[in-house]
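Asks: Pasting a predicted model and its sequence here:
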Amino acid sequence: MVSRIAVIKHVGPKLVPFLESVFIFFVLYPLKSESNLFFLIIKCMPIIALMIFVLSNGFNLKFEYSYSRRIFTGLFFSMIGDACLVYPEEFFIFGVISFGIAHIIYLTAFGIKPLNYKFALALSVLALPVTAFYIPFLQNYVLKLIVPIYMALLLSMLWRAVSRLQIFNKEVKWTWTKLCCSIGAFFFVVSDSVLSFDFFIYPVPYSHPIIMFTYYAAQLGIALSVVDSDVDYEVNDLVIQHNDLINGIRRIYNYLKSIYFEDNLEVINLNESITVNKKAYGNSKRD
């Protein structure tokens with residue numbers, strides 16, 4: 001078992017660029033800013049730092065790194081969403097779509113087991129009146145369609161992140177990174193809730209620092225899940241199942257190949273014996 005101090009020593013230095021970029025962002029833009037390229041770059045820098053953090057914890061195209069790849073891809077689409085929301089009048093819908101894609105990718109990373117249908121039902125009961133409340137404030141039919149879909153994806157992401165934690169299951173040992181991931185998913189809901197209320201319904205005091213602080217905290221929590229040893233264990237289980245399937249196919253192939261070659265060997269041996277017998281018969285006639 002790796003000690004917490006060892007984990008902090010391993011993870012802490014890799015998070016320094018993220019923390020520095022977040023600090024710079026809030027120093028330069030403590031309040032809402034006009035849309036400009038420099039603001040876009042400074043806003044996206046913390047997510048780029050988290051993408052580098054994911055890469056530093058191991059990343060390649062092998063099957064066992066599929067979780068890290070999905071978290072990395074989710075961060076990438078989130079960064080695109082960040083850039084779009086810098087210009088909300090022109091690209092708000094594209095920003096919502098980009099974040100929706102990010103949530104779908106996070107969903108595929110978190111998996112479907114354990115199901116935890118009770119929590120899913122509770123979130124559904126909560127989402128219905130909230131959606132009904134927002135619909136009259138949405139400006140056009142595109143938003144009336146996209147926003148409820150996005151809300152469903154956001155809450156589904158929260159459902160899967162919390163379900164992975166299994167904090168009330170005594171038979172399963174939860175980990176600190178799964179807890180961070182669940183807290184991150186919750187902060188994502190808080191951030192988007194404040195953003196949507198501020199954008200569609202009524203201006204929220206200090207909305208900018210609230211939205212951005214909870215958003216960066218959300219992405220940090222999700223990014224930290226790539227160092228979870230239990231995630232690696234679950235992925236390794238998938239690798240074992242994958243290898244078992246491949247090995248099974250290989251055994252069948254070898255068995256069929258052995259039968260084929262054994263039959264051919266029998267034919268070859270038979271042909272050789274016939275040839276030898278013919279030669280022996282021919283020699284006996286000449287004698």
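Replies: Cool, got the structure.

Asks: all contacts plus neighbour counts: C-alpha atoms, from now on.
Replies: OK.

Asks: ok, F39 - contacts?
Replies: With contacts defined as CA atoms under 8 Å, 6 or more residues apart in numbering, the neighbours of F39 are Y29, S33, V86.

Asks: how does it look with 10 Å?
Replies: For F39, the contact set (CA atoms under 10 Å, 6 or more residues apart in numbering) comprises F25, L28, Y29, S33, A83, V86.

Asks: Can you tell me the element it falls in?
Replies: helix 37-56 (DSSP states H and E).

Asks: before we move on, what about F26?
Replies: helix 4-28.

Asks: Show me what that helix is packed up against.
Replies: Secondary-structure packing of helix 4-28 (3 or more CA pairs under 10 Å, 6 or more residues apart in numbering; DSSP states H and E): helix 37-56, helix 207-224.

Asks: now the ones you listed in a markdown table, with distance to T175 and mean pLDDT?
Replies: Output for the helices and strands packed on helix 4-28, formatted as a markdown table (distance: least, CA to CA, whole Å; pLDDT from 0 to 100):
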| stretch | distance to T175 | mean pLDDT |
| --- | --- | --- |
| helix 37-56 | 18 | 96 |
| helix 207-224 | 11 | 97 |
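
Asks: To L107, which of those helices lies closest?
Replies: helix 207-224 (11.4 Å; CA to CA).

Asks: what angle do the closest one and helix 37-56 make?
Replies: Computed by axes from the mean of the first three to the mean of the last three CA atoms, to 10 degrees, the angle separating helix 207-224 from helix 37-56 equals 20 degrees.

Asks: Quick one: list the elements packing against helix 207-224.
Replies: Checking 3+ CA pairs under 10 Å, 6+ apart, helix 207-224 ends up next to helix 4-28, helix 37-56, helix 66-85, helix 176-196.

Asks: among the ones you listed, where is the model least confident on average?
Replies: Note on these: lowest mean pLDDT is at helix 4-28, with a mean of 90.

Asks: what helices or strands is the host helix or strand of L121 leaning on?
Replies: For L121, the host element (DSSP H and E) is helix 117-134. If you count contacts as 3+ CA pairs under 10 Å, 6+ apart, helix 117-134 packs onto helix 141-165.

Asks: buried sites along the helix it packs on?
Replies: For helix 141-165, a neighbour-count test (16 or more other CA atoms under 10 Å) marks 143-144, 147-148, 150-165 as buried.

Asks: could you give the angle of the helix holding F26 to helix 176-196?
Replies: 20 degrees.

Asks: Go through helix 4-28 and flag the buried ones.
Replies: V11, K14, L15, P17, F18, L19, S21, V22, I24, F25, F26.

Asks: what would the helices and strands packed on helix 4-28 look like in CSV with distance to L115?
Replies: Below are the helices and strands packed on helix 4-28 laid out as CSV (distance: least, CA to CA, whole Å):
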stretch, distance to L115
helix 37-56, 27
helix 207-224, 19
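
Asks: Which stretch among the ones you listed is buried most, on average?
Replies: Among the helices and strands packed on helix 4-28, judged by mean count of other CA atoms under 10 Å, the one packed with the most neighbours on average is helix 207-224 (a mean of 21).

Asks: and the angle from that one to helix 141-165?
Replies: Using the same axes, to 10 degrees: helix 207-224 against helix 141-165 is 40 degrees.

Asks: Tell me what angle helix 207-224 forms with helix 66-85.
Replies: Going by the same axes, to 10 degrees, helix 207-224 makes 160 degrees with helix 66-85.

Asks: same for the host helix or strand of Y106, what does it pack against?
Replies: Mapping Y106 onto the secondary structure by DSSP H and E places it in helix 88-110. Packing partners of helix 88-110 (3+ CA pairs under 10 Å, 6+ apart): helix 66-85, helix 141-165, helix 176-196.

Asks: Identify the farthest-apart pair in the contacts of F39.
Replies: L28 and A83 (17.1 Å).

Asks: could the contacts of F39 be laid out in a markdown table, adding distance to F213?
Replies: Converted to a markdown table, the contacts of F39 look like this (distance: CA to CA, whole Å):
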| residue | distance to F213 |
| --- | --- |
| F25 | 10 |
| L28 | 14 |
| Y29 | 12 |
| S33 | 15 |
| A83 | 17 |
| V86 | 16 |
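
Asks: Which single one of the residues you listed is nearest to F94?
Replies: The closest of those, once distances to F94 are taken by CA to CA, is A83, at 9.8 Å.
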